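**Q** A structural model of the following input is requested.
(2 chains)
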Amino acid sequence: MAERTGRPASLNRGLALVLVLGAIAVLAPLWAQDPLRIDLAATLKSPSGAHWLGTDALGRDLTARIAYGGRVSLGIGILTSLFSLAIGVPLGALAGFRGGWTDAAVSRLIETVACVPSLLLAIALLAMSPAVLRGIPDVLRVALVLAFAGWIPVARYMRGEFMRLKSAEMVEAARAAGASDLRIMVRHLLPSALAPVLVTASFAAASAILVEAALSFLGLGVQPPQPTWGGLLSDAREQIDQGWWLAVVPGLALYGAVLGFNLIGEGIRDRLDPRASTR
Amino acid sequence: MLRRIVSRLATGALTLLLVTLLVFGLIQLAPGDPMAVQDDGMERLSAADRAALEAYYGFDRPVAVQYASWLGRLLRGDLGNSIRDRRPVAEKIGERLSVTLSLNAMALFLIVTLSVPIGAAAALNPGSVADRWSATATYLLYAVPIFWAALLLQRLFAVRLGWLPLYGSGGVTGIPRVANMVLPVICLTYGGLAYVSRFVRANLLESTRFETILSARARGMTRFAILVRHGFRLAAVPMLTLAGFLIPALFAGSVIVETVFQLPGLGWLFIDAAYQRDLPVLLGVTLISGAAALAGILFADVTYALADPRVRRG
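**A** Numbers count the residues shown, from 1 in each chain, chains lettered A, B, ... in the order given. So this is what the prediction gives:
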């Protein structure tokens, strides 16, 4: 169908975006300047040979700050995604496969957490800083807080997948052979659901990166002097009348990462079931 | 149908109870002495404030009793007092409600009215250059972070062009002036607009084969007019459901938008409470936002049941 023209490219585009940003961030110590080095003789410099993307109000190199900020954003995105899978996959799978009371209970839980906007939940959790979240690195703390609501879409999607899968013939066959529910779910259904797991993993990463940036933008996420994309945009607010690069470039990096993970998720989903696409 | 609606409302009531339990759980999650602000430079509470909070939450009693009595207070509209100015949280929320409601109502109105013509225009010639461009544009727009969009729009329209105020509400009190609402409403609208127009387009494409559309064509209406008319009719019911689900996203958006543009709404109140660790305000707004989202979802589900003939019969 014409409406799907160019669709297969989305996975590749997404992978390219994420890999390029990932390489820039991971390899930052090898090539970037010190993101914390203040140079008051070179504040708010526009992009040049010495500072490819210019400098901020304290003369810090924006290229380096974006590269190091990427380590925070992508790290939190991937960590949150893993935590969300750890909660969402078993719960969603159980609800979809078991049905009945299990499903009713999990569905109520999903609806409950989904009611409270995840940004508000994350802010409330961070502001209260419960004992369990104290004394651990910022990145891990923010990832845990984001996973608190992040598992919801994962569980929803897995529930649907397992509902569909449980009517497959192999379930009957395995059951006839005396396999337990757990064995059927883990040995037979989970491998078939691997691609859906990857789909939800990349969507979870995209939304975690977005919410993390919002938290840092509001000053509630990973704390300065550690550079973060949201924090860089927050700094750009202070210099609203100068230095366009301060507002544009960190936003582009953030946008690229979110778009990249979204495209990966959609690319895999379209390969699974071209009709499920919303694009 | 009645049974269906009643059972939906019953599960909704259960969910509401669970939302209160979730918020109560947040209170319990707070450090051993929930009211002792951490030693991170934030000031500690005075003995009197702490006593007032303990009286409200009743931390010395068993957890179940705490929950029951807290729930009883909620039912009487008592959300406790703010730590900062000792005023009732319910009163503070009440003052801020009109700004947030008008902001969200405008955004929701624009999303619903604009997405149908946009979706219809895209569905006019599926696969055409215009359709592909609009698909790409809406796709790209949907993922733009709100605070980045706000920052760029502020730079362009307030700083460079000077057409609109940078932030603030323009008056001393009450609802912000129109000029002060333009950028905030745009920021709150574009994401939902992009999402819903794609949804309308997909819905219309599925239905363009319907004979009703062909017969309308025979009566001499233009295809665009048909699509917009059918678009509204076809999309009305599913869009209600979407609107219900849009509410949490809109509310999260207005937290950011109100903070960036300094509009005195619930979102700004919430962020302020987070900065100042004003626990009662923080949890009060969390609870209200959860209840509002749930009400939206229930409203959508019930309307859906009333409007859809397939559901109505079932």
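
**Q** B:Leu97 - nearest residue in space that isn't next to it in sequence?
**A** Distance criterion C-beta to C-beta, 6 or more residues apart in numbering or on different chains; nearest residue to B:Leu97, sequence neighbours excluded, is B:Leu266 at 6.5 Å. (Glycine included, C-beta is placed from N, CA and C.)

**Q** same thing with A:Pro196?
**A** In space, A:Pro196 is closest to A:Glu161, 4.7 Å off (C-beta to C-beta, 6+ apart).

**Q** how many neighbours does that neighbour have?
**A** By other C-beta atoms under 10 Å in any protein chain shown, the residues close to A:Glu161 number 24.

**Q** Would you agree it is in contact with A:Leu190?
**A** No - using C-beta atoms under 8 Å, A:Glu161 is not in contact with A:Leu190; the gap is 10.0 Å.

**Q** so what's in contact with these two at the same time?
**A** A:Ala93 (C-beta atoms under 8 Å, 6 or more residues apart in numbering or on different chains).

**Q** State the distance from the residue nearest to A:Pro196 to A:Pro90.
**A** 13 Å (C-beta to C-beta, to the nearest Å).

**Q** same deal with A:Pro47?
**A** 48 Å.

**Q** ok, now B:Pro176?
**A** From B:Pro176 to A:Pro90 the distance is 47 Å (C-beta to C-beta).

**Q** Tell me which of those two has more neighbours.
**A** More neighbours surround B:Pro176 than the other of B:Pro176 and A:Pro90, with 23 against 16 (other C-beta under 10 Å).

**Q** Is that one in contact with B:Ser169, as I believe?
**A** Yes - in this structure, B:Pro176 is within contact of B:Ser169 by C-beta under 8 Å, at 3.4 Å.

**Q** Need the residues touching each of the two.
**A** Contacts common to B:Pro176 and B:Ser169, judged by C-beta under 8 Å, 6+ apart, are B:99, B:263.

**Q** which bits of the stretch 201-314 of chain B sit near chain A?
**A** By C-beta under 8 Å from any C-beta of the partner chain, the residues of the stretch 201-314 of chain B that approach chain A are B:202, B:205, B:248-249, B:251-252, B:255-256, B:259-260, B:270-271, B:273-275, B:277, B:279, B:282-283, B:285-286, B:289-291, B:293-294, B:297.

**Q** Can I take it that A:Pro90 is in a helix?
**A** Yes - using DSSP: H, G, I helix; E, B strand; the rest coil, the assignment for A:Pro90 is a helix.

**Q** Tell me the pLDDT of it.
**A** pLDDT, A:Pro90: 93.

**Q** how close does it get to B:Ala130?
**A** 46 Å.

**Q** Phi and psi next, for residue 262.
**A** Reading this off chain A. Main-chain dihedrals, A:Asn262, degrees, to the nearest 10: phi -60, psi -40.

**Q** meant chain B, my bad for not saying
**A** phi 50, psi 60.

**Q** and if you look at A:Thr55?
**A** Note on A:Thr55: backbone dihedrals following degrees, to the nearest 10 are phi -130, psi 160.

**Q** swap in A:Ala195?
**A** Main-chain dihedrals, A:Ala195, degrees, to the nearest 10: phi -60, psi -50.

**Q** What is the burial count for it?
**A** By other C-beta under 10 Å, neighbour count at A:Ala195 equals 14.

**Q** State the distance from the residue nearest to it when sequence neighbours are not counted to chain B.
**A** Distances taken as C-beta to C-beta, 6+ apart put A:Leu272 closest to A:Ala195, at 5.3 Å, once the chain neighbours are dropped. According to C-beta to the nearest C-beta, to the nearest Å, A:Leu272 and chain B sit 18 Å apart.

**Q** wait, isn't A:Leu272 in contact with A:Leu194?
**A** No - using C-beta under 8 Å, A:Leu272 and A:Leu194 do not qualify as a contacting pair, with a distance of 10.4 Å.

**Q** Neighbour count: those two, which is higher?
**A** Neighbours were counted for A:Leu272 and for A:Leu194 using other C-beta under 10 Å; A:Leu272 has more, 15 against 9.

**Q** Sticking with the residue nearest to B:Tyr142 when sequence neighbours are not counted, tell me its helix or strand.
**A** If the residues on either side of it in the chain are set aside, B:Tyr142 comes closest to B:Ala194, at 4.1 Å by C-beta to C-beta, 6+ apart. Using DSSP states H and E, B:Ala194 maps to helix B:178-207.

**Q** Enumerate the positions of that helix that are buried.
**A** Going by neighbour count (16 or more other C-beta atoms under 10 Å in any protein chain shown), the buried part of helix B:178-207 is B:180-205, B:207.

**Q** ok, now stretch A:116-133?
**A** So, applying 16+ other C-beta under 10 Å, buried residues of stretch A:116-133: A:116-130, A:133.

**Q** What is the burial count for the closest residue to B:Phe24 other than its chain neighbours?
**A** Leaving out its chain neighbours, the residue that sits closest to B:Phe24 by C-beta to C-beta, 6+ apart is B:Tyr67, at 5.3 Å. Neighbour count of B:Tyr67, defined by other C-beta under 10 Å: 19.

**Q** Count the residues that sit near B:Arg96.
**A** Neighbourhood size, B:Arg96 [other C-beta under 10 Å]: 20.

**Q** do the same with B:Thr303
**A** Residues near B:Thr303, counting by other C-beta under 10 Å: 17.

**Q** Just the element for it, please.
**A** Secondary structure (DSSP H and E) places B:Thr303 in helix B:279-307.

**Q** Kindly spell out which helices and strands sit in contact with that helix.
**A** For helix B:279-307, the elements it packs on are helix A:100-115, helix A:118-128, helix B:2-29, helix B:47-57, helix B:89-124, helix B:223-261, helix B:266-276, helix B:309-313, judged by 3 or more C-beta pairs under 8 Å, 6 or more residues apart in numbering or on different chains; DSSP states H and E.
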